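Trainee: No sequence on hand, only this structure:
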Ligand SMILES: O=C(O)c1ccccc1NCC(=O)[C@H](O)[C@H](O)COP(=O)(O)O
């Protein structure tokens, strides 16, 4: 069964929504973003989170010491690097945390990049390329560019996934995880109905619609 991550939680209400619907992972953005959260607030939310849900901290080109501080303080399970971090940088945290590295997909050259990180990371997130925006853009990329990739790499598919295209995404890319943020928001905040619908749709495979 494809796993699901809901990214960019910021409010106590968001925790209520995920606790009801139990995605496999939730993400907190510690980088510059409209979804940025302070580590103190993230900890407050994580303390209220259902223990069956794993926590992912999202960082962009952060100093190692600051990542360590935030990860320890919030007791994160997984570190997601969404910037220009090198494979060696990612590898420094390995063993203590699960390590995910995000890549924006522009062309078929993506596989060469994934190969460099394979030994140093646990999973790669394939996301849309958008000039000036690191993640959470709500834009879909051309999935043909990563055809067959999930056979060789452990992959999370991100970028513009919604209730409408989630099953097509799973069928075409066969990722280990589907990662969503914008697609479960209304007017820039997380929407409980959208979270429920998308998780049910994935888990029921489109049955009982
Ligand atoms: O979501 C953000 O605001 C963000 C900002 C900076 C770096 C990463 C960010 N998000 C990372 C994610 O894992 C998102 O879930 C992923 O990019 C998909 O987003 P969306 O296209 O909105 O579903």
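Mentor: That came in fine, so what should we check first? None of the values given here were measured: they were computed from a predicted structure.
Trainee: After the longest strand along the chain, which helix or strand is next?
Mentor: Using DSSP state E to define each element, the chain has its longest strand at strand 98-105. Counting by DSSP states H and E, the element after strand 98-105 in chain order, helix or strand, is helix 110-117.
Trainee: in that next one, what counts as buried?
Mentor: 110, 114, 117 (16 or more other C-beta atoms under 10 Å). Just so you know, the C-beta spots here come from the backbone N, C-alpha and C atoms, and that holds for glycine as well.
Trainee: Flag every residue of this protein that's near the ligand.
Mentor: The chain comes close to the ligand at residues 7-8, 27, 29, 31, 33, 35, 58, 60, 82, 127, 134-138, 158-161, 179-183, as judged by C-beta under 6 Å from any ligand atom.
Trainee: Strands - which of those land there?
Mentor: Those of those mapping onto strands are 7, 27, 29, 58, 127, 158, 179, 180, per DSSP E.
Trainee: give the contact list for the fifth one.
Mentor: Translated: residue 127. By C-beta atoms under 8 Å, 6 or more residues apart in numbering, the residues touching residue 127 are 82, 102, 103, 104, 105, 135, 141, 158, 159, 179.
Trainee: Give the burial count for the closest residue to it other than its chain neighbours, as a bare number.
Mentor: In this structure, residue 127 finds its nearest non-sequential neighbour in residue 158, 4.2 Å apart by C-beta to C-beta, 6 or more residues apart in numbering. Neighbourhood size, residue 158 [other C-beta atoms under 10 Å]: 31.
Trainee: just residue 63 next, same as before
Mentor: Per other C-beta under 10 Å, the neighbour tally for residue 63 reads 9.
Trainee: wait, is residue 45 part of a helix?
Mentor: Yes. The assignment for residue 45 (DSSP: H, G, I helix; E, B strand; the rest coil) places it in a helix.
Trainee: how much space between the closest residue to it other than its chain neighbours and the ligand?
Mentor: Nearest non-adjacent residue to residue 45, counting by C-beta to C-beta, 6+ apart: residue 15, 5.2 Å away. The spacing between residue 15 and the ligand, counted by C-beta to the nearest ligand atom, to the nearest Å, is 17 Å.
Trainee: For the helix or strand where residue 15 lies, name the packing helices and strands.
Mentor: According to DSSP H and E, residue 15 maps onto helix 12-21. If you count contacts as 3 or more C-beta pairs under 8 Å, 6 or more residues apart in numbering; DSSP states H and E, helix 12-21 packs onto helix 39-48, strand 189-190, helix 192-204.
Trainee: For residue 90, find the nearest of these.
Mentor: Ranking the helices and strands packed on helix 12-21 by proximity to residue 90 (C-beta to C-beta) places helix 39-48 first, at 20.1 Å.
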